[in-house]
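1. Sequence plus the predicted model coming up.
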Amino acid sequence: MNVFMPLAVAFLFTLCLTPVVKNIALRTGAVDRPGERTVHSGIMPRLGGLAIIAGFWTAVFLTQRMTSGLWGFFAGSMLILAVGIWDDAVRVKPWMKLVFQVLAAVCVMAGGIQVSFVTNIFFGGVLPLGWIGYPMTLIWIVGVTNAVNLVDGLDGLAAGVSAIAALTIGVIAWMEGMQTMGMLALILAMSVLGFLKYNFYPAKIFMGDTGSLFLGYALSVLAIVGLTKTVTVISLFLPVVVLGIPILDTAYAIVRRYSSHKPIFSADKDHLHHRLMAVGLSHRNTVLVIYGVSAILGASAVWISILSAARGMIVMAVVTAAVFFLANRVGILSRKAIASKPDAR
């Protein structure tokens, strides 16, 4: 019951609250209209992330013991919630969202959650980071937060990828003896799955920036505690494997826009999901393919975490090579923009 109850609360609360949030979004005008980054043709209610956040924190408050780290995580979540609702309602400049993300990261660090050391890959042991750990933590949290936000381009895409990542973090943390952190990750996964019923293609509601920013923020924080606390070489790379899809997509979006002399925060239709649809996959199949790749990366991360350092690095190299090969095949590594095509819907 200690395991089942938190997960049931998170799933059922989010499942029941999402239709309520949908009506609120429609009544307040918090809707998404077709634009440069979107592939839908009709007006859709946003704010779905509000249900995910409510489901997650309701389950946490009712079933978990609050610590200073969790209170910092909660305070940061409320800042993300505030800027997410603001953006879903009236749109916010990218720099303003960045300010809120930085403040949210500061809240987490104030609660004692940060990257405090890295494994010495040459001589073993650890290298304490000291004050350098603060900017590293800040960059990681802000980076992953925006990476998940950029992936949110198709029905159910960001939600499904985030659920898989949260499940992977939960399994690895549990295996490493960090049951509390593992439970938090599993609660997050169940909250997202409760929302996904209404968000999978064809979606009835979008999570909006309220949801995508929170999921990126939550995953970045959980990864710090659940994946980087073991003194192994592999622990350095596990977060990148688990969050491989959003990190790779965002990294090449930055390179692509910079090389094309476009603003880093500008919108385009050259993300992974756009590339897959351009080669002929349907909306639904594109999402399912990315789910499959995310699941393979998640399973690889779990496998790597139980291998010796040498074997883990070999598997890591194979997985990395496979990801780059597939990315090149669908053209995500290309600087050439894909041709415009009619709306997939």
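-> That came through, no problem.
2. what's the weakest-modelled helix or strand in the chain?
-> Within the chain, no helix or strand scores below strand 117-119, which has a mean of 67 by mean pLDDT, DSSP states H and E.
3. For the stretch 101-250 of the chain, which segments count as strands?
-> 117-119, 126-128 (DSSP state E, counting those that start in this stretch).
4. distance of the nearest residue to Asn2 once chain neighbours are set aside from Leu326?
-> Residue nearest to Asn2 in three dimensions, not counting chain neighbours: Thr63, with 7.9 Å by Cβ to Cβ, 6 or more residues apart in numbering. Yep, even glycine has a C-beta here, placed from its N, CA and C like the rest. Distance of Thr63 to Leu326, given as Cβ to Cβ, to the nearest Å: 39 Å.
5. the more surrounded of the two?
-> Under the criterion of other Cβ atoms under 10 Å, the comparison of Thr63 against Leu326 puts Thr63 first, with 18 against 13.
6. pretty sure the more buried one contacts Met5?
-> Yes: taking contacts as Cβ atoms under 8 Å, Thr63 lies within contact range of Met5: 6.0 Å.
7. what about the stretch 101-250 of the chain, any weak spots by pLDDT?
-> The stretch 101-250 of the chain contains residues with pLDDT under 70 at 117-126, 227-237.
8. got the contact list for the spatially closest residue to Gly111 that is not a sequence neighbour?
-> Leaving aside its chain neighbours, Gly111 sits nearest to Gly72 (2.1 Å; criterion: Cβ to Cβ, 6+ apart). Contact analysis of Gly72 by Cβ atoms under 8 Å, 6 or more residues apart in numbering lists Cys107, Val108, Met109, Ala110, Gly111, Gly112, Ile113.
9. Tell me the secondary structure at Gly72.
-> helix (DSSP: H, G, I helix; E, B strand; the rest coil).
10. Tell me how far it lies from Ala173.
-> 18 Å.
11. Equivalent analysis for Arg27, please.
-> 40 Å.
12. Those two: which has the busier surroundings?
-> Counted by other Cβ under 10 Å, Arg27 and Ala173 do not tie: Ala173 has more neighbours, with 26 against 9.
13. May I ask you to confirm that that one is in contact with Gly182?
-> Yes: with contact defined as Cβ under 8 Å, Ala173 and Gly182 form a contacting pair (3.7 Å).
14. What is the burial count for the closest residue in space to Lys204 that isn't next to it in sequence?
-> Nearest non-adjacent residue to Lys204, counting by Cβ to Cβ, 6+ apart: Tyr198, 4.7 Å away. Tyr198 has 23 neighbouring residues, counting by other Cβ under 10 Å.
15. Repeat that for Val225.
-> 22.
16. Now do the helices in the stretch 101-250 of the chain.
-> 133-151, 157-175, 179-199, 208-227, 238-242, 244-259 (DSSP state H, counting those that start in this stretch).
17. Quick one, which of the ones you listed gets closest to His273.
-> Nearest to His273, of all those, is helix 157-175, at 6.1 Å by Cβ to Cβ.
18. helices or strands up against that closest one?
-> With contacts defined as 3 or more Cβ pairs under 8 Å, 6 or more residues apart in numbering; DSSP states H and E, the packing partners of helix 157-175 are helix 133-151, helix 179-199, helix 208-227, helix 238-242, helix 283-306.
19. JSON lines for those, including distance to Ile85?
-> Shown next, in JSON lines, are the helices and strands packed on helix 157-175 (distance: least, Cβ to Cβ, whole Å):
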{"stretch": "helix 133-151", "distance to Ile85": "14"}
{"stretch": "helix 179-199", "distance to Ile85": "16"}
{"stretch": "helix 208-227", "distance to Ile85": "5"}
{"stretch": "helix 238-242", "distance to Ile85": "28"}
{"stretch": "helix 283-306", "distance to Ile85": "26"}
